[in-house]
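Undergrad: Okay, structure incoming, though there's no sequence with it:
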C-alpha cells in the first residue's frame, strides 16, 4: 500500500492498490477470504436465496463522503478495511444486483457500538472472524466494524428492505453501514463466484470496462445451476 510506504500494484494509476492475490487459483482473494474462512452450516432456508443490501444501505467513499447504495457507481472507491491508506479502499468494478425498487425480507444486525447492518439473509458478513450468512448471526456474535475492531451483536431483527444492490469490489470485501462484509453470498459458492468474476475483474483493471449484463438483477437461471455457498440454518432465518 502506498500510504504506509509499502509498494503497491496500481496498474490504472488511480492511487489505489489493484492487487488481487489468488495463489491457489480458486478465484477468491487470499488476503481476506482464505480457504476455510466461510462458515459451514448444516441446513438452508428459502430466505438464503436472496442476496444483497437495500437501496438505503450506506458506504464510505475515498473522499470521505457517505453515500447510499442507490447513489453508488462503478468506478467509485469504497471503504473495504480500516485506516486511511489507499489499501483501505477499493473500486467497484460491477454490480451483480442493482434494483432500486421492490421489497424483500432482510435482517438487521445491531451492535453494541450502535452500528446496524441490514442485508438479505444470504449475504456473508464477518462474524467471530469468519464469513457467515447474515441470517446465521446470533445475539452475542461479534461483527467486524469499519475500524477493524469487533462489536457484539445486541439485536437481530427482521425487516423489509427496498431495493437490491450488490456492488463487487476489486478487493472482495466492502464496509456497509459501518460493518465489514464480503461481496459474496450463499447464492453461489464463493470460490465459484470468484472464478466467474475473475475475467470481469481483470477486464475492468486493464481497461476500465464493466459489464452491465447482470445489473438488472443477475442471472437467476445460471445461478440456479451453480454450487451454492454455505447455507443458512432454517431456524436462524425465522427471526
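TA: Looks like it came in fine. Predicted model only: the values in this text are computed from it and were never measured.
Undergrad: Scan the protein for its longest strand.
TA: Criterion DSSP state E: the longest strand present in the chain is strand 89-111.
Undergrad: Next one, pLDDT for residue 234 please.
TA: Looking at residue 234, its pLDDT is 40.
Undergrad: Same question for the helix ranked longest in the chain: list its buried residues.
TA: For the chain, the helix with the greatest residue count under DSSP state H is helix 190-207. In terms of neighbour count (16 or more other CB atoms under 10 Å), helix 190-207 has its buried residues at 190-195, 197-198, 200-201, 204-205. Yep, even glycine has a C-beta here, placed from its N, CA and C like the rest.
Undergrad: and which of the residues you listed is nearest residue 86?
TA: Residue 86 lies nearest to residue 205 out of the buried residues of helix 190-207, by CB to CB, at 14.8 Å.
Undergrad: and the closest residue to residue 88 other than its chain neighbours, how many residues sit next to it?
TA: The shortest distance from residue 88 to any residue other than its chain neighbours is 4.8 Å, reached at residue 81 (CB to CB, 6 or more residues apart in numbering). As a burial measure, residue 81 scores 20 neighbours (other CB atoms under 10 Å).
Undergrad: Identify the residues contacting residue 81.
TA: Residue 81 sits next to 87-88, 148, 171, 173, 175, 180 when contact means CB atoms under 8 Å, 6 or more residues apart in numbering.
Undergrad: Try it again at 7 Å.
TA: 87-88, 148, 173 (CB atoms under 7 Å, 6 or more residues apart in numbering).
Undergrad: about what we covered before: and the longest helix of the chain, what other elements does it pack with?
TA: strand 89-111 (3 or more CB pairs under 7 Å, 6 or more residues apart in numbering; DSSP states H and E).
Undergrad: name the helices or strands packed onto the next helix or strand after the strand it packs on?
TA: Per DSSP states H and E, the first helix or strand lying C-terminal to strand 89-111 is strand 116-119. In terms of contacts (3+ CB pairs under 7 Å, 6+ apart), strand 116-119 is packed against strand 89-111.
Undergrad: how about a cut-off of 8 Å?
TA: With contacts taken as 3 or more CB pairs under 8 Å, 6 or more residues apart in numbering; DSSP states H and E, strand 116-119 sits against strand 89-111, strand 179-185.
Undergrad: Residues contacting the following helix or strand past that strand, please?
TA: Next helix or strand after strand 116-119 toward the C-terminus (DSSP H and E): strand 123-127. By CB under 8 Å, 6+ apart, the residues outside strand 123-127 that reach it are 38-39, 51-53, 109, 117, 119, 131-134, 136-137, 141-144, 153, 166, 179-182, 184-186, 190, 229.
Undergrad: Strand 123-127 vs helix 190-207, what angle?
TA: 100 degrees (axes from the mean of the first three to the mean of the last three CA atoms, to 10 degrees).
Undergrad: in the sheet, who's paired with residue 109?
TA: According to DSSP bridges, the residues that bridge with residue 109 are residue 117, residue 156.
Undergrad: Let the chain start at 49 from now.
TA: Right, with 49 as the first residue, what we last looked at is residue 157.
Undergrad: returning to that earlier point: the residue nearest to residue 136 sits in which helix or strand?
TA: Counting by DSSP H and E, residue 129 is part of no helix or strand.
Undergrad: Please name every helix or strand in contact with the host helix or strand of residue 192.
TA: Assigned by DSSP H and E, residue 192 belongs to strand 190-192. Under the contact criterion of 3+ CB pairs under 8 Å, 6+ apart, strand 190-192 touches strand 171-175, strand 198-217, strand 227-233.
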